[in-house]
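1. Sharing a sequence plus its predicted fold:
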Amino acid sequence: MSSLGLTAEVETKRTWPDDPYKGLTYYDVADVPLFAGRDHDIMIVSSAIGQSNVRILLLHGMTGCGKSSFLRAGLIPRLETEISGYEFLRDEKESPAFVSSTFNPTDRKSVVYGKSVD
């Protein structure tokens, strides 16, 4: 509650996805209700991003440890729904779009939407 006695309520749509079993693929925005157990990590990272002295934040981990799921079903939905001022570019499926380096980070190519870009 603010000092003026006003409250803001954020309505979030939390419905179960058609297929709750992800297999080897990542959790996405539609899977937020299934993505559990990382609330504390999401809170820490979202708080760090908002600090003025943080210029870059690196998310690093072994293949398959959940980096994409953490971003797509954890951090990004929290930033967009609970913290003012964040909006992410979306692809044709309404999933957050990412730019990542290829397997050869010294190469000048990047991958956008799964396509190679020079």
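-> That came in fine, so what should we check first?
2. residues near Trp70, how many?
-> Let me fix one detail, which is that residue 70 is Phe and not Trp. If you count neighbours by other CB atoms under 10 Å, Phe70 ends up with 20. All C-beta spots, glycine's among them, are computed from the backbone N, C-alpha and C.
3. cool, and His60?
-> By other CB under 10 Å, the burial measure for His60, its neighbour count, is 6.
4. low-confidence ranges in this structure?
-> 1-14, 17, 20, 99-118 (pLDDT under 70).
5. can you do 50?
-> For the chain, the stretches flagged by pLDDT under 50 are 1-10, 110-118.
6. Look up how far Cys65 lies from Ser46.
-> Applying CB to CB, to the nearest Å, one obtains 19 Å for the distance of Ser46 from Cys65.
7. got a list of what Lys22 touches?
-> Residues near Lys22 by CB atoms under 8 Å, 6 or more residues apart in numbering: Asp31, Leu34.
8. do Glu80 as well
-> Per CB under 8 Å, 6+ apart, neighbours of Glu80: Tyr86, Glu87, Phe88.
9. make it 6 Å
-> Tyr86 (CB atoms under 6 Å, 6 or more residues apart in numbering).
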